[in-house]
Structures are given as C-alpha cells and as structure tokens.
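Sequence and predicted model, in that order:
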Amino acid sequence: MKNIWHITKKEFVSYFTSPIAYVAIAVFLVVVGLKFFVVDEFFDEGRASVRSLFTLLPIFFMFYLPAITMKLITEEKTSGTFELLMTLPLTDAQIILGKFFGALGFLLVTLLFTLAYPLLVGALGAPDVGTIVASYVGIILLGAAYIAVGIMTSSWSGNQIVSYVLAAVICAFLYFQDALVGIFWGGAKRFMEFSSFSAHYSNFLRGVLDSRDLLFFVSAIALALLVGVWSLNKRRWN
C-alpha cells in the first residue's frame, strides 16, 4: 500500500505542477456550464433538475479523461524513465494502481467544482437530493472506468496521441454499444445492454443505487486495469 500511495501522490501532484490542469478544468467547467444553462435552456424549463448535466458529463468525459490518462504510461516510455521505473522494487500492479488512483483524484477534484451547478439549482428550486447523490456515484464510477481504459491504452502505445484516440474510441463504444448495435441488429440491443456503460449508468440518473450496476462498473475497472498490468508485465520481459 505504501508504494501505491507514493505513486498516487506523485501522479496527483504532477497534474497541478503546471497550468495545464487548471486550464483544462476551467475550460471543462465553462463548456459544461454553457451547455447546461444556455444550450439546454435550463432557465426556460421551469423546474429544478440537474439530470441534463449528468447526461452531458459522460460525453464530455470521453474526450476529457483520455487527455489526462494518455501520458501516464506513455510519457514514462518517451522520457526514458520507464526503464528506471522497472528497476524499482515495485510490482506492475502497484504501478498501475498508483497511476489509476492519482488520475481518479484529479477526476474527483474536477467533479468537486461541478457541485456549484447543483448548489445553484438548489438555490432556485428544490431538486431531488437523493437523485443528485446517486448521479454523482454513477459519474464517479463511470469516470473511473474511463480512466482505467485510458491507463490500459497508455500501456499499449508509446505515442500519447495514439493512446488518447484509442481510449476515446473504446470509451465511446462501451458507452454507446447497445445503441450502435441496435441500429443494425435490433434484436441484439437488449443483449448488449448487459455490457453497456450507458445502460448501467442510466439507473443512477433515476436515483437508483443497484448493487448490479455497482458490481458492473467495479468489474469493468478491474478488467481494464488487469489488462494494463498484463501489458506492462509483457513489456518488462520484452
């Protein structure tokens, strides 16, 4: 645990040692806020709801989170520190988990700032607090799954752009797979919902905390991280 904590702290702090993280968070909040309040005409709806906000976040996170994970393993390779990292008394699992929790911390900081939107909505009306809490649990789990996928693709490639594109495409497919498959084969749509991120995430938006959805996302995160560990282990011995 000590080794994981050291890597987690190192990765988390590294995000905020340059202005890029602050700019990224600011741009993200502005874009999401404009979409929520202006484009979606929140003030014209006449009801206090943040559902459209949590419907937007998975789409924005498909592009936002791969940008913060694309460097986690790839940068180690391009900067020449990957070989040094492999010589340290660290297991591949510790490296992957440390980088995962560091990126997860960055995600939580980003979501912390989004609390301003529900608070503003609460000042204007009486939103369902239970639904908001469940939605935050859902978006944290979904975001963590995106991060795990991003770390997995970062362990595959030595190029950050390739890692970013792969992560964004895989996240988009996992989220929209039931709808995409349903276009060509309607009968398979229901089957694909079992492994669709959007199908499981939608239950959180309704305020439902189902153990099956929690288990699904935890399993998806674990699987992606395991693939990342396997990929790192393979490179260690190549």
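Perfect, I can see it now.

Low-confidence stretches in this structure?
For the chain, residues meeting the criterion pLDDT under 70 lie at 37-49, 75-89, 125-126, 181-193, 235-238.

the longest helix in it is where?
helix 129-156 (DSSP state H).

So which elements touch it?
If contacts are counted by 3 or more C-beta pairs under 8 Å, 6 or more residues apart in numbering; DSSP states H and E, helix 129-156 sits against helix 51-69, helix 92-114, helix 160-184, helix 197-205, helix 211-236. Yep, even glycine has a C-beta here, placed from its N, CA and C like the rest.

between the ones you listed, which one is nearest to Leu34?
Ranking the helices and strands packed on helix 129-156 by proximity to Leu34 (C-beta to C-beta) places helix 51-69 first, at 10.6 Å.

Off-centre distance for the closest one?
7 Å (C-alpha atoms, centre = their mean, to the nearest Å).

What of stretch 153-171?
14 Å.

Next, the buried residues of that stretch.
Under the neighbour-count criterion of 16 or more other C-beta atoms under 10 Å, stretch 153-171 has 153-157, 160, 163-164, 166-168, 170-171 buried.

TSV for these, including distance to Tyr64?
Formatted as TSV, the buried residues of stretch 153-171 follow (distance: C-beta to C-beta, whole Å):
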residue	distance to Tyr64
Thr153	15
Ser154	15
Ser155	20
Trp156	20
Ser157	19
Gln160	15
Ser163	15
Tyr164	11
Leu166	16
Ala167	11
Ala168	10
Ile170	15
Cys171	10
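
which among the residues you listed gets closest to Leu226?
Leu226 has its nearest neighbour among the buried residues of stretch 153-171 in Ser155, at 11.1 Å by C-beta to C-beta.

my guess is that closest one meets Lys234, correct?
No: here Ser155 lies out of contact with Lys234, judged by C-beta atoms under 8 Å, at a distance of 9.1 Å.

residues in contact with stretch 99-107?
4, 7-12, 14-15, 21, 65, 68-69, 72-73, 140, 143-144, 147-148, 150-151, 225 (C-beta atoms under 8 Å, 6 or more residues apart in numbering).
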